[in-house]
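coords please:
(2 chains)
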Amino acid sequence: MPMAGSEKSNQSKPLWLLAELTYRCPLQCPYCSNPLEISKYENELTTEDWFRVMQQARKMGATQLGFSGGEPLVRKDLEEIIAEARRLGYYTNLITSSVGMDKERVKAFKEAGLDHIQISFQASNEELNNFIGGTKSFQHKKEMARYVKELEYPMVLNIVLHRKNIDQIRDILDMTVELHADYVELASTQYYGWSRINVDQLLPTRAQLANAEKVAKEYQEKMKGKMKVIYVIPDYFDNRPKKCMNGWGNIFMTIAPDGTALPCHAAGQLPGLEFPNVRDHSIEWIWNESPDFNKFRGMAWMKEPCRSCPEKEKDLGGCRCQAYMLTGDARNADPVCDKSPFHKQLHDDVERIDRLAGTKEFDEKPLVFRNMKNSKKIVKEKETSTV
Amino acid sequence: MTETYNAEDIPRIAPTFRFQWEEMQDCFVVLYPEGMVKLSPSAGEIMKRIDGQSTTKQILEELNQTFPGADLETDVYKFLEVAHANGWIRKK
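Below you'll find the predicted structure:
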């Protein structure tokens, strides 16, 4: 008699585990992909909780483990968690702003077995970097990046691109060359959470994108074999959606600071989810059995135009969060797709921003920075509006 | 640029990659930032003998002992070339 679950050996595995250790963060980037409700996550998992989660996920085949946040360095037990992850055989990645890092800590992480480090930069010059991040961090970031390379870590530098920094792309790439990055992720802002409420201020213009693409290609050629430059155009400008997270519940699992397990780090906003928690359930149950992880798995949930679309296996209808945010129904096609009846609306909105960008009254509208104070205000406004 | 390996060259795993057995995948893998390559059984057998001490010749001799009768020489040199081009190994 086979054990329960053994017939599922061909089923997907949670290969990629993202551990959002905390939503506390010294930075305040207005494009942060964390939920707007960060102030509600006070009850963080303990060190032992994380040990258990890592052990269970590893047993199911998880290999890549990202420590993220918020700022994971805020957790005092990070060294301990890294050491346990290494012991379990994970390939570990610290995704950090580097604020809260010093030489001793980078060294301690190395001794604990950390495999690689990803540092974010907000811009290529001090003034804009510090403005976007809401902290004086630019020189420190450069110093830490140099030290990370000194210790022979593979280093990823991540720069989130948007209208206010995308014209610096050449300077940004020169900086990453100077810092000896192994990989550079030029990440186009994705409009969820905080960036969605700042979209008017952040969405680049078509002219900016054309230039950025040209420069990125130039450096991809020039740095071949030395530094890998990853550049993906923001999907609001595309006609076909991306296969988001490589498919819902297919390879990826996020654990939020309070233990909520999600198929992607933005999925918390979707209505009708039950948000299984690792305090109450095993990773195996959450991955295989929970209603949330099965909700948009495969293709049975699809509506038209996806259901009869010949490309449905290629993109799986795009992103569920984007479909929900822009159409009100997560089962709709991602409106990035020009087969979606909502595509024109999105396209018109992109055109509106393109037209207004650069005008004084439009660009001077203040950014909403990602911090606990703004989060509390937003949570309160949402609660009063639903009463 | 293609880098070829000679009998006396000592290959080692590059510090920016990790090579290990993955039980759930039932194969050896090479891990790197945000990625994983699953290795074929023969590639895994070669990689697991790369210890930063043995020369290519010694690795080949050991493989010949474990798999007698197989003509491995061309495959091993070809694999080292590919592994080097991918950045997984370096010469010591």
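
switch to C-alpha atoms for all contacts and neighbour counts from now on
Will do.

got the buried residues for the top helix by length along chain B?
What stands out as the longest helix in chain B, according to DSSP state H, is helix B:73-85. Within helix B:73-85, the residues that qualify as buried are B:V76, B:Y77, B:F79, B:L80, B:E81, B:V82, B:A83, B:H84, B:A85, counting by 16 or more other Cα atoms under 10 Å in any protein chain shown.

Of those residues, which fall within the contact range of chain A?
Among the buried residues of helix B:73-85, no residue is within reach of chain A (Cα under 8 Å from any Cα of the partner chain).

For A:P241, state which of those is nearest.
Set against A:P241, the nearest of the buried residues of helix B:73-85 by Cα to Cα is B:A85 (32.9 Å).

Now pLDDT and distance to A:H180 too, for the buried residues of helix B:73-85, in JSON lines please.
Formatted as JSON lines, the entries for these read as follows, by pLDDT from 0 to 100; distance: Cα to Cα, whole Å:
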{"residue": "B:V76", "pLDDT": "94", "distance to A:H180": "32"}
{"residue": "B:Y77", "pLDDT": "94", "distance to A:H180": "30"}
{"residue": "B:F79", "pLDDT": "95", "distance to A:H180": "28"}
{"residue": "B:L80", "pLDDT": "95", "distance to A:H180": "26"}
{"residue": "B:E81", "pLDDT": "95", "distance to A:H180": "25"}
{"residue": "B:V82", "pLDDT": "94", "distance to A:H180": "24"}
{"residue": "B:A83", "pLDDT": "95", "distance to A:H180": "22"}
{"residue": "B:H84", "pLDDT": "94", "distance to A:H180": "20"}
{"residue": "B:A85", "pLDDT": "91", "distance to A:H180": "19"}
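
What distance do you get for the residue positioned nearest the centre of chain B to A:T63?
Nearest to the centroid of the C-alpha atoms of chain B, with distances taken as Cα atoms, centre = their mean, sits B:M47, at 2.9 Å. Between B:M47 and A:T63 the computed distance is 19 Å (Cα to Cα, to the nearest Å).

what do you get for A:L367?
Here A:L367 is placed at a distance of 38 Å from A:T63 (Cα to Cα).

same for the strand or helix carrying A:A207, what does it pack against?
Assigned by DSSP states H and E, A:A207 belongs to helix A:206-222. Other helices and strands packing on helix A:206-222, by 3 or more Cα pairs under 8 Å, 6 or more residues apart in numbering or on different chains; DSSP states H and E, are helix A:169-178, strand A:228-231.

just the angle between it and helix A:169-178, please?
Our comparison of helix A:206-222 with helix A:169-178, counting by axes from the mean of the first three to the mean of the last three Cα atoms, to 10 degrees, yields an angle of 30 degrees.

and helix A:206-222, how far from the chain's centre?
Relative to its parent chain, helix A:206-222 has a centroid offset of 22 Å by Cα atoms, centre = their mean, to the nearest Å.

pLDDT of it, averaged?
Predicted confidence along helix A:206-222 averages 96 (mean pLDDT).

Tell me the buried residues in that helix?
Of all the residues in helix A:206-222, those buried under the rule 16+ other Cα under 10 Å are A:Q208, A:L209, A:A212, A:A216, A:Y219, A:Q220.

swap in stretch A:328-348?
Along stretch A:328-348, these residues count as buried under the neighbour rule (16+ other Cα under 10 Å): A:329-340, A:342-343, A:346-347.
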